[in-house]
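Colleague: Prediction below, plus the sequence it came from.
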Amino acid sequence: MRLFGIGTTQGSPPSDALVSWISSPPKNQSPVIITYDTLLKKHTEPQAWHELLLKEIHDALREGKVVVASLNIDFPTGKKWSICGIGQNLDSHILSLSIERTMELELSSLLAGTIHIGAVGVKLHMDNCSIARLRIPVGAVEVTLLDTHIGNLEIAPAALKHYEMKGGSMLNVSCPPPSGGNPFTGTVSFKNVFFPRKRKVFILQGPQPYRNMRHHLRNLENAQMANLIHSAELAVEREDDSWINRILSYLYEWLSDFGSSALRPLLWQGFLFFLSMSLILNSDGAVPALPEPSSALVGWQTILQDPSLSGNYARAVYLALQPVVNPIGIFGPKSLLVPRYPWLVVWLSLHGVMSVIILALLVFAIRRRFKIQQ
């Protein structure tokens with residue numbers, strides 16, 4: 001039975017079916033148990049046990065079985081080992097995988113209930129996977145995720161030497177509180193990752209997991225990722241706030257992602273400019289400020305009196321730029337054009353006020369991105 005597809009859109013939320021499966025994985029599935037001990041019972045002759053262990057897991061998945069496996073035998077170093085599943089399929093998946101030896105392992109196209117890393121120095125790569133629970137109670141582990149959904153990330157102090165995530169989602173994280181030791185000791189990077197911003201819709205119960213994670217990232221001087229987590233934290237917190245603060249919170253989020261995005265203010269400014277230009281162009285709403293003769297205009301200004309289509313566009317662009325470059329009317333020379341209609345005056349005045357706010361948010365976002373933390 002096909003459950004869902006992954007990897008088509010980075011940063012998008014997981015499907016409802018995936019969230020449901022992560023929240024309550026099916027039980028009583030009579031899984032096939034694959035460990036070094038079970039191999040010894042099946043094979044009496046000497047084998048390349050590490051290769052046979054992985055082969056047994058591959059074969060069981062392709063036979064449509066549910067697997068409980070433990071990599072509890074030494075693997076030769078200097079090589080990347082792999083387990084490839086059959087896609088996001090509920091009929092055949094790994095119910096539990098325990099990594100008990102130091103190794104470099106790549107998992108791809110897998111659906112898994114629990115992955116437990118019980119050895120120091122494991123390097124784990126996951127591509128197009130969905131993991132209900134990723135447990136890392138030991139140290140110096142390196143994890144790289146691509147288009148992978150993680151339901152619960154459980155990490156102990158000094159557990160992660162490197163954590164990089166591109167695409168997919170992280171629905172909940174369980175890490176030590178601010179006084180409990182930093183779980184990160186090296187690089188932490190999130191790119192186009194979905195973090196829940198509503199409690200109880202996915203798995204997240206409240207903002208505290210984000211608070212803990214943000215504190216540890218700031219202690220690591222990783223301000224960019226800390227700001228990313230802080231944005232999600234503020235969105236979750238507003239559910240407990242007053243109605244006026246919730247409104248301001250939504251506006252702050254929409255306009256600049258709580259000061260974490262310098263792109264959003266630019267996009268809003270561009271949207272407002274093109275909206276004003278369209279209103280002016282379609283209503284022929286730009287007229288000369290004073291009935292001056294054409295000889296009073298020189299150089300580029302003469303195009304503002306051109307009756308052709310290019311002149312209409314020039315007048316619309318010029319008047320729409322005024323709320324952007326001179327929002328409160330005190331900078332630069334007097335405008336050569338004014339709005340024809342009272343409603344257009346009101347709109348351009350509102351556009352000017354919004355431009356000031358957006359400019360302030362842009363400056364704040366740039367400063368926040370490049371500010372040296374004290």
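Modeller: Noted; the coordinates are in hand.

Colleague: What pLDDT does the model give residue 315?
Modeller: With respect to pLDDT, residue 315 scores 91.

Colleague: Tell me the spacing between residue 247 and residue 253.
Modeller: 11 Å (C-beta to C-beta, to the nearest Å). (C-beta placed from N, C-alpha, C; glycine too.)

Colleague: Quick one: neighbours of residue 187, just the number.
Modeller: For residue 187, the neighbour count with other C-beta atoms under 10 Å is 14.

Colleague: Report the beta-bridge partners for the residue lying closest to it once chain neighbours are set aside.
Modeller: In space, and not counting its chain neighbours, residue 187 is closest to residue 162: 5.1 Å by C-beta to C-beta, 6 or more residues apart in numbering. Counting by DSSP bridges, residue 162 is bridged to residue 142, residue 187.

Colleague: do the same with the one 4 residues further on
Modeller: On the basis of DSSP bridges, residue 166 is bridged to residue 146, residue 191.

Colleague: where in the stretch 1-150 of the chain is pLDDT low?
Modeller: 1-11, 26-29, 46, 88-91 (pLDDT under 70).

Colleague: Which parts of it are strands?
Modeller: 32-34, 67-71, 80-84, 94-99, 104-108, 111-117, 123-127, 130-136, 141-146, 149-155 (DSSP state E, counting those that start in this stretch).

Colleague: now those strands as a markdown table including mean neighbour count and distance to residue 23?
Modeller: Below are the strands of the stretch 1-150 of the chain laid out as a markdown table (neighbours: other C-beta atoms under 10 Å; distance: least, C-beta to C-beta, whole Å):
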| stretch | mean neighbour count | distance to residue 23 |
| --- | --- | --- |
| strand 32-34 | 19 | 25 |
| strand 67-71 | 23 | 20 |
| strand 80-84 | 16 | 25 |
| strand 94-99 | 21 | 16 |
| strand 104-108 | 18 | 22 |
| strand 111-117 | 22 | 12 |
| strand 123-127 | 20 | 20 |
| strand 130-136 | 23 | 8 |
| strand 141-146 | 21 | 20 |
| strand 149-155 | 23 | 8 |
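
Colleague: still on that earlier bit, give me the more crowded residue out of residue 247 and residue 253.
Modeller: residue 253 (19 against 12).

Colleague: what's the helix or strand for that one?
Modeller: For residue 253, the host element (DSSP states H and E) is helix 243-256.

Colleague: Contacts only, for residue 322.
Modeller: 335, 348, 352 (C-beta atoms under 8 Å, 6 or more residues apart in numbering).

Colleague: can you rerun that using 7 Å?
Modeller: 335, 348 (C-beta atoms under 7 Å, 6 or more residues apart in numbering).

Colleague: what about it, which helix or strand?
Modeller: Going by DSSP H and E, residue 322 is in helix 309-325.

Colleague: For the following helix or strand past that helix, which strands pair with it and how are they oriented?
Modeller: Following helix 309-325 in sequence order, the next helix or strand is strand 337-339 (DSSP H and E). When pairing is defined by DSSP bridges, strand 337-339 lines up against strand 286-288 (antiparallel).

Colleague: Give me the distance from the strand it pairs with to the chain's centre.
Modeller: Put simply, strand 286-288 sits 46 Å off its chain's centre (C-alpha atoms, centre = their mean, to the nearest Å).

Colleague: buried sites along it?
Modeller: residue 286 (16 or more other C-beta atoms under 10 Å).

Colleague: how's the chain carved up into domains?
Modeller: According to automatic domain parsing, the chain is divided into the following domains: 16-240, 263-370.

Colleague: With distance to residue 257 added, can I get those domains in JSON lines?
Modeller: Listed next are those as JSON lines, based on distance: least, C-beta to C-beta, whole Å:
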{"stretch": "domain 16-240", "distance to residue 257": "5"}
{"stretch": "domain 263-370", "distance to residue 257": "6"}
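
Colleague: Go through these and pick out the most buried.
Modeller: Using mean count of other C-beta atoms under 10 Å, the stretch among those with the largest mean neighbour count is domain 16-240, at a mean of 18.

Colleague: what about that domain, start to end distance?
Modeller: Its start and end residues considered, domain 16-240 measures 25 Å (C-alpha to C-alpha, to the nearest Å).

Colleague: what angle separates the longest helix along the chain from helix 243-256?
Modeller: Ordering each helix of the chain by length in residues (DSSP state H) puts helix 342-370 first. Put simply, helix 342-370 runs at 80 degrees to helix 243-256, going by axes from the mean of the first three to the mean of the last three C-alpha atoms, to 10 degrees.

Colleague: What is helix 342-370 packed up against?
Modeller: The contact analysis (3 or more C-beta pairs under 7 Å, 6 or more residues apart in numbering; DSSP states H and E) places helix 342-370 against helix 243-256, helix 263-283, helix 309-325.

Colleague: What's the separation between the nearest residue to residue 52 once chain neighbours are set aside and residue 58?
Modeller: Nearest non-adjacent residue to residue 52, counting by C-beta to C-beta, 6+ apart: residue 39, 5.9 Å away. With distances taken as C-beta to C-beta, residue 39 is found 14 Å from residue 58.

Colleague: what does residue 174 give?
Modeller: Distance, residue 174 to residue 58, by C-beta to C-beta: 31 Å.

Colleague: can you check residue 116 too?
Modeller: Distance from residue 116 to residue 58, counting by C-beta to C-beta: 20 Å.
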